[in-house]
Every structure is written in C-alpha cells, then in structure tokens.
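[1] make a model of this:
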Amino acid sequence: MPLVRDKPQKPKEKQGPDRSSPAPNPRLEKTELRRWIVYLAGEIHTEWRYEIVTKAADFGLPVDFTYPVLVHQSSDDCGCQILGEEQDPRWRDHKAAKINAMRTRGLIQEADILVACFDADRKYRQWNAAFDAGYAAALGKAVITLHSDAVIHPLKEVDAAALAVASSPDEVVDLLHYVTCGLLPHNT
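    Residues are numbered from 1 along each chain as shown. Prediction:
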C-alpha cells in the first residue's frame with residue numbers, strides 16, 4: 001500500500017513584529033516565580049510590619065516574611081527565664097542579646113532582602129536595626145531602609161549601604177513587587 005502524505009499547507013503570510021509590547025517567551029510564561037524571604041528589622045512598637053505583610057499578601061507577592069521576636073518583654077527576658085536570673089543588668093542583657101542573636105542571625109542569613117525600619121520620632125532607638133542592616137550588607141544581602149526624611153542625616157551611612165531607601169511601607173511593597181515579580185505595581 002503506498003504511503004500517503006498530508007498535502008502541504010500554504011505558508012502563512014508573515015506579519016511584521018508587534019513593537020507595542022515585548023514578544024512573549026513561552027518558557028518564561030510557564031515558569032513559577034520563586035519564593036523570596038524578606039527579613040523585617042526595626043522597632044517593634046508600631047504597625048509598619050503589618051502594613052507591609054498585608055499589602056504584599058493583597059498583591060499575591062511570592063514573599064515569606066521573617067522578623068525578630070516582636071514581644072519586647074520576651075526579647076528582654078529570654079536569657080534569664082531560660083538560663084537563670086542575673087543580678088547585674090549588663091549580664092542580664094548580655095544573655096538575652098546572645099539568645100536573640102541566634103534567631104536574628106539565622107533568619108538574616110536565610111533572607112534574600114532585609115528591610116530596616118527606623119522611627120522618625122526617635123522615640124525608639126534602632127541600634128538593633130542598624131546592626132542588622134550592617135550585618136546583612138556584610139553578607140551581601142539586599143538591604144532596603146525605611147524611614148522619613150527627618151532621619152536622613154543620622155542614617156546616611158546605613159542608607160549608603162542599602163540598595164533602596166523607602167519612605168513608606170507602600171514604597172517597600174512596591175519595591176518588593178518589582179524585585180520579586182519584575183512588574184511595576186500599576187501593571188498588575
């Protein structure tokens with residue numbers, strides 16, 4: 001029996017490239033976005049973390065957030081409650097700082113990005129946030145600082161090590177949106 005082949009199809013006419021948008025790449029369209037880990041360093045008394053986490057979730061960003069212990073008393077008392085009381089406040093704080101460092105260092109090492117928030121009113125000192133930002137920068141992590149113009153001067157060295165300086169939680173979320181998804185927020 002003779003082999004029958006399909007009749008050749010007439011070639012489609014070529015159209016010029018559409019210059020209004022980039023050509024779709026089928027390999028990229030099927031690729032899942034990777035999950036990013038973002039460590040939120042800074043004062044624990046205001047709602048800035050909640051704003052960032054909530055807005056990132058609203059956008060569906062591929063981000064997992066980590067942060068230090070957010071209960072101030074637990075952070076201060078962990079050393080003495082776990083390893084025994086200290087009479088000298090220096091050693092009390094020393095124990096707590098070392099235990100908290102196990103958590104913060106480990107989480108910062110795992111993070112892709114660190115956001116360091118600084119209080120513009122200077123009601124709360126952010127030595128921890130400055131240290132965390134420096135540690136992250138030394139590890140080669142991306143750092144975003146978050147603060148108002150009121151503290152630009154005292155944070156100039158920290159800002160110089162950061163890859164971005166934001167002035168609101170909304171700007172942080174916009175940065176995360178672009179970095180994690182490659183999209184400007186208004187293009188979603």
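
[2] drop to CA atoms for contacts and neighbour counts, all remaining ones
    Fine.

[3] name the element Asp132 belongs to?
    Here Asp132, judged by DSSP states H and E, is contained in helix 127-138.

[4] please identify the buried residues of that helix?
    For helix 127-138, burial by neighbour count (16 or more other Cα atoms under 10 Å) applies to Ala129, Ala130, Asp132, Ala133, Gly134, Tyr135, Ala136, Ala137.

[5] please state the offset of the very next helix or strand once past it from the chain centre?
    The C-terminal neighbour of helix 127-138 among helices and strands, as given by DSSP H and E, is strand 142-146. The chain centre lies 8 Å from the centre of strand 142-146; the measure is Cα atoms, centre = their mean, to the nearest Å.

[6] before we move on, what about stretch 155-166?
    For stretch 155-166, the distance to the chain centre is 14 Å (Cα atoms, centre = their mean).

[7] report the angle between the helix holding Asp132 and strand 142-146.
    On the basis of axes from the mean of the first three to the mean of the last three Cα atoms, to 10 degrees, helix 127-138 is oriented at 150 degrees to strand 142-146.

[8] alpha carbons of helix 127-138, in PDB - could you do that?
    Extracted in PDB, the C-alpha atoms of helix 127-138 (Å, rounded to 0.1, in the frame of the first residue of the first chain):
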ATOM      1  CA  TRP A 127      20.600  50.300  67.200                       C
ATOM      2  CA  ASN A 128      19.500  46.800  66.500                       C
ATOM      3  CA  ALA A 129      18.100  47.700  63.100                       C
ATOM      4  CA  ALA A 130      21.300  49.500  62.200                       C
ATOM      5  CA  PHE A 131      23.300  46.500  63.300                       C
ATOM      6  CA  ASP A 132      21.000  44.100  61.400                       C
ATOM      7  CA  ALA A 133      21.300  46.200  58.200                       C
ATOM      8  CA  GLY A 134      25.100  46.300  58.500                       C
ATOM      9  CA  TYR A 135      25.200  42.500  59.100                       C
ATOM     10  CA  ALA A 136      23.000  41.900  56.100                       C
ATOM     11  CA  ALA A 137      25.100  44.200  53.900                       C
ATOM     12  CA  ALA A 138      28.300  42.400  55.000                       C
END
